[in-house]
Structures are given as C-alpha cells and as structure tokens.
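**Student:** mind folding the following:
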Amino acid sequence: MTIAVWRPLERKACVRKGYNQNGKIQRYWATTWKNVGGIKNGEATPEKVGALKTLVYEKDLNVCWGNAFPKNLNEPFRRNYESLEDVGTDILYLDFDKPDTSVTKDSNLLERVNIGLSRLPDLGDASHLGLVAFYSSSAYWEMAKEAEPRIHVILFLDKVYPHEQIHAWQSQFKEVLDPATAIRSQPLLVANPIFEAIEKRKIEGDQIIIRPGEKLALPKIGNTRKPKNREIFDFGRITISKDKEEWLKRELENARKGKLDGRRGEFLFNLFQREIFYNRKNIGELLKILRNNPILYVDPKKNDRDWKDVERTYERALDYVNKRLLGTSIKDSKKWESKVICKPWLEDIDVKALPTEKCLILIKSPPFTAKSQLIEEYIKHGGFDSGIYVSTDISTIDSFTQEYPRWKSYQEGGKGKQDKQRWMPEQPWLASTEQSLTYFLR
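**Tutor:** Reported below is the predicted structural model:
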C-alpha cells in the first residue's frame with residue numbers, strides 16, 4: 001500500500017473537520033467504508049500523490065486517505081486490522097501539529113515545511129528529498145494557534161517498510177508530530193474542511209508543494225542525537241559579537257546561493273535565540289548588521305518580509321529564551337537549598353561539581369540534546385550501583401537500553417503480572433514506563 005482512498009458509507013461528514021462559532025465540531029467515525037481508489041506500493045511519485053490531493057480539493061471529494069487497502073476491494077469493509085492488508089508502505093506521512101515558536105501566522109508553506117523537517121535530526125539536510133506538502137484542515141480555522149505548523153508532509157521511501165517500524169520511528173518525535181499517521185487503520189484527513197457560520201481563514205501563497213527529488217532510507221531508531229544540517233542554521237558556540245566578519249561573510253554567501261530561501265523565518269529565530277542567550281547586552285549590534293544587509297531577512301525575489309516582521313521575530317525569540325530556556329527559579333523555597341545552572345549546552349555542565357547526596361537534580365532541555373549521556377556521566381561520578389529510568393514512550397526505552405546495555409527494559413521481565421513483580425525489583429538498572437513501574441512498587 002502507499003495511499004488508499006476510503007469513502008465512508010454512513011456518517012459521511014466524518015472525513016471532514018468542521019468548525020463553527022463554538023470551536024471544533026465533534027465527529028464520529030463511520031462503521032463501514034468503501035475503497036474507491038489509491039496508489040499502490042512502487043507506484044508513488046510526488047507528481048502522482050500531488051495530483052491525487054489536488055483532485056480531492058478541486059472536486060471537493062468526500063473521502064479520506066488510508067494506510068492500507070482492504071483485503072477485498074469490491075466489498076464494504078470495517079476499519080480494523082482483520083479487514084486491511086498488512087504489506088507495509090513506501091511513503092512517510094508526517095503530520096506536524098505540535099507547537100513550534102519558529103512558526104508565525106504569516107509563515108508560508110515552504111517555511112513551515114523546512115521548520116518541521118529541521119525538527120527531525122535523522123533527516124539531515126532534507127532539501128534534496130522529494131515531497132508533497134499541504135496545509136492541514138485546521139490551518140484554515142481563524143482560531144487556530146499561530147505557533148503551530150499545521151501541515152502534512154509526505155516523503156517517499158527507498159523501499160517498503162512495515163507500518164510498525166515507521167510508527168516506532170515517528171514516535172521518537174511525538175513532541176513535533178503525530179505518529180498516528182503510520183497506524184494501518186488510521187484515516188488521513190485530506191478532504192476540504194467545513195465552516196458553519198464562520199469565515200474560512202485565507203492563506204496567501206502556495207497551498208500545496210510538489211517537489212521531485214530523492215527517496216529516503218528510513219533512519220534507524222535511536223539515531224537522533226545530533227542534527228546533520230547544523231552547519232547552516234546553528235552558528236556554533238562563538239557568538240556573532242566575537243566573530244562578526246566571518247559570520248557575516250558566510251551568511252551573505254548562503255543567502256546569495258539561495259540557501260536561506262524559504263528558511264529566513266527559521267534562520268532569524270534561531271539567530272536571535274542564540275544571541276539573546278549569549279550576548280543579550282549587545283543585541284543592538286546584531287540588529288544593525290541585519291538592517292544593513294536586507295538579503296539576510298528578505299527574499300529579494302519575493303520581497304516577503306519587512307523590518308517590522310524582523311522585530312516581531314526578535315520579540316518571540318526573546319520571550320522564548322526568557323520563559324522556556326531560562327525557566328524559573330525555586331530559590332525562594334524554604335524546603336530546598338537550591339542552585340540553578342543555566343547552560344546552553346549540556347556538555348558545558350561540569351558533572352564533577354554536582355552533588356551526589358541528598359539532592360534532586362532537574363534537567364530542562366529540548367529533545368535529542370544528549371540528556372541520557374549526561375545521566376550516564378553523572379552515575380559514574382556518583383559511583384551509584386542502581387537506578388530507575390522512567391519514560392512514557394516505549395520506543396524511547398528501547399533506544400536507551402540499546403545504547404546503554406546495562407539498563408534492562410521492563411519488557412524483558414516476562415508477560416505476566418507476577419513475573420514482572422518478581423523480576424523488576426531484582427534489576428539494579430531498570431528502564432520502565434510509568435504504568436509498569438507499579439509492578440516494581442507492588
């Protein structure tokens with residue numbers, strides 16, 4: 001399967017998101033469905049998938065896409081595993097629906113795509129990948145939160161992969177996207193939304209991107225430690241104030257070569273975030289450099305951003321650093337003697353300076369910033385002989401125990417309740433979900 005086209009036989013509005021003055025309209029899934037078309041494994045191209053999405057939009061078809069064809073194409077089917085083929089797929093359907101402060105209401109589709117893909121470090125520089133991208137239904141709702149991409153991006157894989165493998169890979173990034181799009185029985189909503197007694201939000205620019213390019217080999221789970229495209233948008237640890245000429249020369253060259261096209265919003269936000277963190281007092285110098293070099297913040301071909309937009313991006317970055325990166329202190333608490341360490345890089349923390357007795361250490365950092373490595377270094381420093389690693393995500397536990405073999409996953413303790421109650425307390429280094437931890441505590 002690549003994309004199946006499903007039509008509901010009752011509750012026909014279930015494939016369309018709906019909105020009114022009270023918000024989102026609740027829908028209930030149809031019980032029976034009919035397959036009315038699709039694209040099979042080995043046949044998908046950006047052009048074919050893009051044409052299928054365009055057809056659904058222009059003809060206002062009351063259908064959704066599915067992750068699997070029914071076993072009997074000629075008969076109505078129920079949306080369950082017993083009725084659906086299990087042959088895997090050769091596309092990666094990504095639904096970016098989580099908050100991202102790099103996104104504004106004015107971010108165009110290409111900028112949203114680049115921001116979303118940049119949050120998946122495994123992909124590295126994704127500019128060479130073929131894709132189809134379009135807005136989700138909620139993007140056209142006036143009450144939708146601004147700082148959310150609200151886009152669907154379809155990448156094309158080098159071979160057919162099991163749905164379970166794709167779902168496990170996507171689950172690593174559930175802070176960024178919805179991994180449910182990889183579930184075999186999950187409807188993928190691509191039909192036009194319905195707005196009752198309210199206006200549909202108008203979105204300027206491209207409504208769909210169809211980009212030919214290379215196919216993707218699905219990365220291995222756990223291979224998410226550092227982004228591969230860091231050289232373009234991550235400016236290292238040297239702030240601009242320490243090396244202005246070299247930085248300006250490099251970024252002007254990137255801009256002239258088109259490397260900032262479609263990414264200037266992300267470029268500015270990341271730039272402001274770094275400089276505010278390191279060099280807040282001299283931020284005016286950075287603003288002056290940008291204003292004197294408009295090509296860094298506006299595409300000369302589109303003239304798509306003015307200086308007020310730059311100032312708004314700066315204000316968002318300032319708010320993000322103050323509220324999300326620096327956090328709030330608990331130093332006024334009478335219960336704790338506290339010490340707050342603010343470091344932009346976890347490896348800058350001197351592990352040997354951390355206490356090892358009668359202490360609670362909290363680490364606040366984004367996903368995939370080597371927290372597990374810091375924990376291992378701290379364990380060695382403290383000479384501890386046991387520990388418990390707790391996560392809500394099974395795939396995270398699997399990745400952690402593979403990288404650090406002394407930790408044992410709760411799944412190794414047998415299937416029965418009594419087996420786990422006996423086995424888990426015997427492990428000096430245990431990795432468990434919060435629910436299964438009850439077996440340990442009994």
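**Student:** residue ranges with poor pLDDT in this protein?
**Tutor:** Applying pLDDT under 70 to the chain picks out residues 1, 222-243, 278-281, 323-345, 366-369, 442.
**Student:** for the residue nearest the centre of the chain, pull up the helix or strand it's in.
**Tutor:** With distances taken as Cα atoms, centre = their mean, the chain has Val176 as the residue nearest its mean C-alpha position (2.3 Å). Under DSSP states H and E, no helix or strand contains Val176.
**Student:** mind checking the longest strand of the protein?
**Tutor:** The strand of greatest length in the chain, counted in residues with DSSP state E as the criterion, is given as strand 151-161.
**Student:** ok, which stretches of the stretch 1-150 of the chain are strands?
**Tutor:** Using DSSP state E, counting those that start in this stretch, the strands of the stretch 1-150 of the chain run over residues 3-8, 18-20, 23-25, 32-39, 64-66, 77-78, 89-96, 131-135.
**Student:** these two touch, right, Phe156 and Lys48?
**Tutor:** No: if you go by Cβ atoms under 8 Å, Phe156 and Lys48 don't touch, sitting 10.3 Å apart. For the C-beta atoms, the positions are set from N, CA and C on the backbone; glycine is no exception.
**Student:** these two: which has the busier surroundings?
**Tutor:** The residue with the greater number of neighbours, taking Phe156 and Lys48 and applying other Cβ atoms under 10 Å, is Phe156; the counts read 21 against 15.
**Student:** mind putting the strands of the stretch 1-150 of the chain in a markdown table, mean neighbour count included?
**Tutor:** Rendered in a markdown table, the data for the strands of the stretch 1-150 of the chain read as follows (neighbours: other Cβ atoms under 10 Å):
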| stretch | mean neighbour count |
| --- | --- |
| strand 3-8 | 22 |
| strand 18-20 | 17 |
| strand 23-25 | 13 |
| strand 32-39 | 18 |
| strand 64-66 | 24 |
| strand 77-78 | 16 |
| strand 89-96 | 23 |
| strand 131-135 | 23 |
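**Student:** of the ones you listed, which is nearest Thr392?
**Tutor:** Nearest of the strands of the stretch 1-150 of the chain to Thr392, taken as Cβ to Cβ: strand 89-96 at 19.7 Å.
**Student:** each with direction, which strands does that closest one pair with?
**Tutor:** With DSSP bridges as the test, strand 89-96 is paired with strand 151-161 (antiparallel).
**Student:** and the contacts of the longest strand of the chain?
**Tutor:** For strand 151-161, contacts defined as Cβ atoms under 8 Å, 6 or more residues apart in numbering pick out 41-42, 44-46, 49, 87-96, 109, 112-113, 116-117, 126, 129-136, 139, 188, 190, 215-218.
**Student:** how about 6 Å then?
**Tutor:** Residues from elsewhere that reach strand 151-161, judged by Cβ atoms under 6 Å, 6 or more residues apart in numbering: 41, 49, 88, 90-96, 112-113, 129-136, 215-218.
**Student:** just the CA atoms of that strand, as CSV, please.
**Tutor:** Output of strand 151-161 as CSV, limited to C-alpha atoms (Å, rounded to 0.1, in the frame of the first residue of the first chain):
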residue,chain,number,x,y,z
ILE,A,151,1.0,20.9,7.7
HIS,A,152,1.1,17.5,6.2
VAL,A,153,4.4,16.4,4.5
ILE,A,154,4.7,13.2,2.5
LEU,A,155,8.2,11.8,1.9
PHE,A,156,9.0,8.9,-0.4
LEU,A,157,10.9,5.9,1.0
ASP,A,158,13.5,3.8,-0.8
LYS,A,159,11.6,0.6,-0.2
VAL,A,160,8.6,-0.8,1.6
TYR,A,161,8.8,-0.7,5.4
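**Student:** report the buried residues of it.
**Tutor:** Judged by neighbour count (16 or more other Cβ atoms under 10 Å), strand 151-161 contains these buried residues: Ile151, His152, Val153, Ile154, Leu155, Phe156, Leu157, Tyr161.
**Student:** now it against strand 3-8, angle please.
**Tutor:** Computed with axes from the mean of the first three to the mean of the last three Cα atoms, to 10 degrees, the direction of strand 151-161 lies at 120 degrees from that of strand 3-8.
**Student:** off-centre distance for strand 151-161?
**Tutor:** Between the centre of strand 151-161 and the centre of its host chain there is 15 Å, according to Cα atoms, centre = their mean, to the nearest Å.
**Student:** I am finished for the moment; much appreciated.
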